[in-house]
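Chemist: Return a 3D structure for these sequence lines:
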Amino acid sequence: MTLPRIEATEIPTYRPRALKALARRIARTITRYPYFTVVSGFDTVANEEEIKALAGMLGTLGGGAKQTQPPLSFTRVTVNPEAVRRTRKATAYSRTHLPISPHTDSSYLPEPHDLVAFQCVVADTGGGENAMVAVTDVLSCLDHGDIKRLRQPVFPFSRGYFPVLEGEGAETTIRYYRTQIDQAVLDGASLSEDDRALLGRLDDVLAHRAQAFTFKLEEGEAVFFANQKVLHARTGFTADSNRTLFRVRHTVDLKRAAAGGLKSWLSGLRAKPDTAPVRRDPVHDLRDQVAESPDDPLLVRRLSTILASRGAFSEAAVWNQKALALAPTAYDNLVLKSCLRWEEGDREGAQEALRQLAEHHPFEFPRRADPAGPNILRVRGMKNVKYQLRTKARGFEPSLEGGHFSVSNFLRDRRYNVWLHNIYDTPAEWPGDRPAPDLVLNTIACADRMTDSLKALSKFLAAWPGVPVINHPDKVLQTTREQNCRRLGAIDGVVFPKTERVHWDGGDTGSMVSAITERGFSYPLVLRPVETHTGVEVALAADAEAVKSYFGEARAGRDYYFIQYHDLSDERGFFRKSRTFCIDGQFHPVASLVHNDWNVHSGDRYSVMVDSEELQASEQAYLKDFEGWLGPDNVARLEEVRKLIGLDFFGIDFCKLDDGRLFIFECNAAMRHNYDHAGAFPYTEPYLDRVSDAFDAMLTARTGPVAHEWMKLSQRAARF
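Modeler: I've put the predicted structure just below:
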């Protein structure tokens, strides 16, 4: 196919009209198939100003809403093998001599950059050929089922799950980086076997289609492309190559940049004189303000926070360190420090920041509170958890992960005064000027992971014997997988898989094989760290070699579980797992999932259930008639489970065996209540609402209905 090219004799950096004309020509070319173009005319001397000026002009032409996005990013790309040795991130591969498969730049961002360009400064004599694969060509080679699945947000990109394909028809965009997805899986993200096979088929398509547009940039040339419409790749070259590129990334409304001409000029004449000016990037303003007031801790903190939200983690870390120097114990500074240390792979540094957070901020009280409202003390453990920067609506934001149940769909803050207690491994002293809370809500849920924080909370609560507690820590501590195996497995008609805890010190992997034999396990068996609940780092070991392989890669110095595997597949090879929440003594069904793999989680709804009316009907039957679906014997067994667990809130994952007995996978409070899949499975929403309502009713009952009615009256009066 003909390679799209724009032949320019020079880049008119100092002639704005000519620069604008060239930029608009580029925009018009890359907004239609095949969504890229090679541009000549760049200085063969290492002059970065030309590509910056041209990309900047594209940003100016594509102003509007996009103009408030981050400024263009510039990087000098050279071979640097040390970058890969320092980090496992997929982005490090751009600095090696290794070949890179078709991918999207900045695929981990909430919205990848619209424009990417590479200028060749020093070409490699032997390799480094480029290839481009347009989304149009990808779609033409995939079947309908694969395209439908690739539109689901189930593919892990570093810190979040996104679809590979978005939009419809001509507006379809693509986000893909297989190396980054594989690294996310190695770091604990989930990806089903079916989805891995699907990505394998996608890789085959890309390898084939990459032959359509191949070229090698020469010195003085640059390739510009629409990053969300075309994937780019390159071949490898020698490790000692001096190949050098300039790379720019920019958030640009390319269609707006491609518009213009007479129609645009005339509309500019008709524009109202008081039209609001384009907003300047707030980071520029903050930098100016910080330059004027370098000792203002609030300004420095705000700058570090915004940089982190945009994914500029290295620069954010520098500014956050300055913010900590000005305010060493500031809450937000410590949270961001923990996030950034985790990002750098410094687990100890991340944990130390959380210890300091609990030490300096054991209690947080709202600035405004209703004196008539009930006071709820929400407890969070800070030891053995992690704050990570996760992609949300406004970019990267801190998210506390691990060891707790989420209250986002439980706690209706407007009806309560919510106080926060951060606890590490020692009980804190309650401030003397505060009354005792009306209720303690313990959200620490994982007994395996949060032992020290739970024990500290138990000591703390001893001072308030009369204050009601939801999920007393002493009862949570009894819900480890190992203890549940002993306690629940003793109930007649209940099967709980044999579960034993072992310590892995990083020595001879053969010792773990011996431990399996000595403890009476048989193959296959499940291996997992004790502190995980979402399928992270879980493996099904078929034999001794698989065990050695697992522990050869496993992190040493922590405990793991051996869990006896039971093949619970039906005649079609499907596996079922049902979930019910128990809230204030009452059971509330929420899901009955079917998957074609043994490790079943909520996101696996899209493997076989999404297109099966039969399987969806079976889940609806479970939700509509929970007790009838279970049968009287299993209802009685669940009641025995409830009495033994003794928590105010917890969940049970289970299935019915062919002989009628109850098989329990897991039973604890570390289960998430969410509406993530209600859009695709709308029949689940009323039952999810019942769970939220039941939890709210429990809070009301524990804090007193009189207080709630008084608060409703005061809120109603405030509206008049």
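Chemist: Give me the distance between Thr31 and Lys255.
Modeler: 6 Å (C-beta to C-beta, to the nearest Å). (C-beta placed from N, C-alpha, C; glycine too.)
Chemist: and what of Glu553?
Modeler: Look at Glu553 and Lys255: by C-beta to C-beta, they are 46 Å apart.
Chemist: More neighbours: the two, which one.
Modeler: A count of neighbours by other C-beta atoms under 10 Å puts Lys255 above the other of Glu553 and Lys255, at 13 against 10.
Chemist: and the more buried one, helix, strand or coil?
Modeler: Secondary structure assignment for Lys255 (DSSP: H, G, I helix; E, B strand; the rest coil): helix.
Chemist: same question, Cys667
Modeler: Taking three-state DSSP as the rule, one finds Cys667 in the strand state.
Chemist: What sits closest to it if chain neighbours are left out?
Modeler: Ile652 (4.8 Å; C-beta to C-beta, 6 or more residues apart in numbering).
Chemist: cool, and Trp419?
Modeler: Closest to Trp419 by C-beta to C-beta, 6+ apart is Leu377, at 4.8 Å.
Chemist: tally of neighbours for Ser578?
Modeler: With other C-beta under 10 Å as criterion, Ser578 counts 23.
Chemist: partners of the helix or strand hosting it, with directions?
Modeler: Ser578 is part of strand 575-583, with elements assigned from DSSP states H and E. Sheet pairing of strand 575-583 (DSSP bridges) gives strand 586-595 (antiparallel), strand 649-656 (antiparallel).
Chemist: Extract the CA atoms of the first one and return them as CSV.
Modeler: Going back to what we said before, that points to strand 586-595. The C-alpha trace of strand 586-595 is given here as CSV (Å, rounded to 0.1, in the frame of the first residue of the first chain):
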residue,chain,number,x,y,z
GLN,A,586,-30.6,-12.2,57.5
PHE,A,587,-29.3,-13.7,54.3
HIS,A,588,-29.5,-11.7,51.0
PRO,A,589,-28.6,-13.4,47.7
VAL,A,590,-26.5,-11.3,45.3
ALA,A,591,-25.0,-13.6,42.6
SER,A,592,-24.9,-17.0,41.1
LEU,A,593,-22.1,-17.1,38.6
VAL,A,594,-21.2,-19.6,35.9
HIS,A,595,-17.8,-19.7,34.2
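Chemist: how far away is the residue positioned nearest the centre of the chain from Gly395?
Modeler: Centroid-nearest residue in the chain: Gly160, 2.9 Å away (criterion: C-alpha atoms, centre = their mean). Per C-beta to C-beta, Gly160 is found 11 Å from Gly395.
Chemist: in the stretch 251-400 of the chain, which spans are strands?
Modeler: For the stretch 251-400 of the chain, the strands defined by DSSP state E, counting those that start in this stretch occupy 363-364, 375-381, 386-392, 395-401.
Chemist: Quick one: list the elements packing against the second one.
Modeler: Strand 375-381 makes packing contacts with strand 417-423, strand 439-442, helix 451-461 when contacts are defined by 3 or more C-beta pairs under 8 Å, 6 or more residues apart in numbering; DSSP states H and E.
Chemist: What are the contacting residues of the top helix by length along the chain?
Modeler: If you go by DSSP state H, the chain has its longest helix at helix 685-703. Taking contacts as C-beta atoms under 8 Å, 6 or more residues apart in numbering, the residues outside helix 685-703 that touch it are 374, 376, 409-412, 415-416, 438-439, 441, 468, 470, 581, 583-584, 586, 588-590, 623, 648-649, 673-675, 678, 708.
Chemist: Many thanks, I have nothing further to ask.
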